[in-house]
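**Q** Here's a sequence, model it:
(one chain, ligands or ions: 2)
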Amino acid sequence: MKPPRKLHIKSYGCQMNVYDAQRMVDTLAGEGFIETKSVDDADLVILNTCHIREKASEKVYSELGRLRVAKHDAARAGRDMRIAVAGCVAQAEGEEIIRRAPAVDVVVGPQSYHHLPELLKRAGTHGRAIETEFPAEDKFTFLPQPRREAIRARGISAFVTVQEGCDKFCTFCVVPYTRGAEVSRPVARIIEDVKQLADNGVREITLIGQNVNAYHGEGPDGSTWPLGKLLHRLAEIRGIVRLRYSTSHPRDVDDSLIEAHRDLPALMPLVHLPVQSGSDRILSAMNRKHTVAEYRKAIDRFRAVRQDIAFSSDFIVGFPGEREEDFLATLALVTQIGYAAAYSFKYSPRPGTPAAEMQETVSAADMDERLVRLQELIDRQQSAFNVAAIGTTVDVLFERAARNVGQIVGRTAYLQPAHVMASSDIIGEVRPVRIDSLERYSLLGELVSPAPAIRPALSETNIGA
Ligand code: 5AD
Ligand code: SF4
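**A** Ligands and ions are numbered 1, 2, ... in the order given. Presented below is the predicted three-dimensional model:
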């Protein structure tokens with residue numbers, strides 16, 4: 001028997017890349033590859049790249065410089081190391097990668113991961129292989145089911161892609177070009193994946209998609225299901241105690257989603273709802289397709305059905321044409337909403353997007369200054385949100401042993417890490433924890449009762465499927 005070949009995969013960017021990386025590992029397991037944590041002993045290194053901002057995509061070329069040396073060292077030791085570039089930089093700059101980085105053997109866009117084995121073979125015989133087309137067939141139909149051992153290794157919380165691509169065309173964003181048009185997976189396939197994950201110990205599922213609440217998959221009855229209906233169905237699967245979804249667009253908040261938050265205790269009360277700016281003038285230039293008032297209305301609809309709901313968001317500062325008064329409107333919106341967490345970025349012009357052609361650019365100094373002001377405000381809100389947990393009792397889903405011996409770490413409904421001293425038996429369970437203190441972003445507390453409050457497989461919301 002041939003010894004297994006070793007695969008090292010490094011992912012940048014969003015959760016979908018993390019998910020895709022797992023699917024590439026599953027695909028290549030069928031070809032005799034096993035994962036390794038080190039680049040040095042790898043037979044195949046895959047960089048799963050992100051193109052969302054310039055900084056993210058430039059990282060690829062510096063990493064490829066390092067890999068060229070590793071490949072050279074491997075060759076001197078008589079080993080053949082292959083290098084593949086996957087993800088959105090591969091999609092957007094495939095030809096340029098081939099030109100700039102001679103060490104790269106394979107370039108593969110996000111829609112073609114099921115072709116990886118074939119591309120590697122082609123690169124073996126013909127030198128180099130590149131595939132950045134959007135194939136007619138849906139890759140999900142061809143990607144293998146995750147292997148049991150692989151799922152176990154993934155632990156308590158897992159991502160499942162339900163939707164990919166985006167038709168919104170915000171003027172700053174590369175996603176509609178790199179991930180293509182919106183495609184939703186059929187309900188039956190998602191149920192199958194979630195059941196398999198649950199059977200292997202996964203307790204929390206995060207449904208992911210670039211525009212996840214635009215989900216419109218084919219239901220078992222042939223009708224089109226919105227995200228809320230899908231969530232209702234997944235909440236019935238035995239073993240699943242927590243559901244989340246990300247990332248949502250304010251325009252696609254529909255009745256089904258609001259009803260899901262009203263009806264499903266398993267659906268966690270934290271919604272990532274990016275707004276990008278608090279100025280209608282800038283939202284319009286961004287082609288966001290919603291106003292500030294519409295965004296606030298969407299927030300109010302969630303709040304009306306779940307008082308404990310919290311929000312996170314994304315912001316861009318320094319979009320072309322952003323004046324001080326627009327930025328002040330963003331600060332005002334953040335103050336009004338009060339976020340549990342938020343990500344803020346300096347605008348980065350992306351080649352091929354409409355905003356990259358806009359003339360009225362904001363100076364680097366203004367961008368830096370605005371970013372600092374916004375991040376200070378967000379940090380204050382996040383700290384206040386975390387401090388408010390001290391002295392309360394909250395449900396924590398325990399995930400793994402912490403670095404400190406004897407401590408087990410899990411997450412609250414709001415994704416705050418929470419540490420307790422306990423036996424590892426509680427991993428996979430939701431337990432009430434009294435929060436005593438806060439250390440940076442982590443909550444520290446004690447289990448409230450020695451007996452499990454909720455046994456996942458027996459919880460009332462999980463009626464079995
Ligand atoms: N420049 C800066 N930030 C961007 N984002 C997307 N495109 C750009 C860009 N060109 C941010 C948005 C988005 C998040 C994933 O990344 O805030 O919601
Ligand atoms: Fe990009 Fe806008 Fe689509 Fe989000 S909604 S992925 S920001 S184009």
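**Q** For the residue of the chain at minimum distance from ligand 1, which three-state class applies?
**A** Ranked by C-beta to the nearest ligand atom, the top residue of the chain for proximity to ligand 1 is Asp314, at 3.3 Å. Every residue, glycine included, has its C-beta placed from N, CA and C. Three-state assignment for Asp314 (DSSP: H, G, I helix; E, B strand; the rest coil): strand.
**Q** neighbours around it, how many?
**A** 14 (other C-beta atoms under 10 Å).
**Q** got a list of what it touches?
**A** Applying C-beta atoms under 8 Å, 6 or more residues apart in numbering, we find Asp314 in contact with Thr247, His272, Pro274, Val275, Gln276, Ala342, Tyr343, Ser344, Phe345.
**Q** Tell me the one of the residues you listed nearest Ser423?
**A** Closest approach between those and Ser423, by C-beta to C-beta: His272, at 33.1 Å.
**Q** From ligand 2, how far out is the closest one?
**A** Separation of His272 from ligand 2 (C-beta to the nearest ligand atom, to the nearest Å): 11 Å.
**Q** surely that residue meets Phe302?
**A** No. Using C-beta atoms under 8 Å, His272 makes no contact with Phe302, being 11.8 Å away.
**Q** hey, what's in contact with both of these two?
**A** Phe311.
**Q** list the helices and strands the helix or strand where Lys6 lies packs on?
**A** For Lys6, the host element (DSSP states H and E) is strand 5-11. The contact analysis (3 or more C-beta pairs under 8 Å, 6 or more residues apart in numbering; DSSP states H and E) places strand 5-11 against helix 15-29, strand 33-35, strand 44-49.
**Q** quick one: strands adjacent to the shortest one?
**A** Read it as strand 33-35. strand 5-11 (parallel) (DSSP bridges).
**Q** which outside residues touch the strand it pairs with?
**A** In contact with strand 5-11 (C-beta under 8 Å, 6+ apart) are residues 17-18, 20-21, 24-25, 28, 31-39, 41-48, 63, 87.
**Q** if we go to 6 Å?
**A** Surrounding strand 5-11, the residues in contact under the criterion C-beta atoms under 6 Å, 6 or more residues apart in numbering are 17-18, 21, 28, 32-33, 35-36, 39, 41-48.
**Q** Off-centre distance for that strand?
**A** Put simply, strand 5-11 sits 20 Å off its chain's centre (C-alpha atoms, centre = their mean, to the nearest Å).
**Q** That one to strand 44-49, inter-axis angle?
**A** Strand 5-11 and strand 44-49 are oriented at 10 degrees to each other (axes from the mean of the first three to the mean of the last three C-alpha atoms, to 10 degrees).
**Q** Now strand 5-11 - C-alpha only, PDB.
**A** Extracted in PDB, the C-alpha atoms of strand 5-11 (Å, rounded to 0.1, in the frame of the first residue of the first chain):
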ATOM      1  CA  ARG A   5       0.400  11.800   1.000                       C
ATOM      2  CA  LYS A   6       0.200  14.900   3.300                       C
ATOM      3  CA  LEU A   7      -1.900  17.900   2.700                       C
ATOM      4  CA  HIS A   8      -1.400  21.300   4.400                       C
ATOM      5  CA  ILE A   9      -4.200  23.800   3.800                       C
ATOM      6  CA  LYS A  10      -4.200  27.400   4.900                       C
ATOM      7  CA  SER A  11      -7.400  29.400   4.800                       C
END
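**Q** quick one: average pLDDT of that strand?
**A** Averaged across strand 5-11, pLDDT comes to 96.
**Q** try stretch 359-378
**A** Stretch 359-378 comes out at a mean pLDDT of 98.
**Q** How about stretch 161-174?
**A** Per-residue scores along stretch 161-174 average to 96.
**Q** which residues touch that stretch?
**A** With C-beta under 6 Å, 6+ apart, stretch 161-174 has contacts from 19, 51, 175-176, 179-185, 190, 207-212, 215, 286-288, 350, 353-355.
**Q** Narrow the residues you listed to those in helices?
**A** Tyr19, Val175, Pro176, Ile190 (DSSP state H).
**Q** Return a PyMOL selection command for the buried portion of those residues.
**A** Buried members of the ones in helices among the contacts of stretch 161-174, defined by 16 or more other C-beta atoms under 10 Å, are picked up in PyMOL with:
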select buried, resi 19+175+176+190
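**Q** between the ones in helices among the contacts of stretch 161-174, which is closest to Ala310?
**A** Taking the ones in helices among the contacts of stretch 161-174 together and measuring to Ala310 by C-beta to C-beta, the closest member is Tyr19, at 24.0 Å.
**Q** The helices and strands packed on strand 5-11: which one's closest to Asp255?
**A** helix 15-29 (26.1 Å).
**Q** right, is the closest one up against ligand 1?
**A** No. Helix 15-29 lies out of reach of ligand 1 by C-beta under 6 Å from any ligand atom, never closer than 10.4 Å.
**Q** tell me which residues in that helix are buried?
**A** So, applying 16+ other C-beta under 10 Å, buried residues of helix 15-29: 16-17, 19-29.
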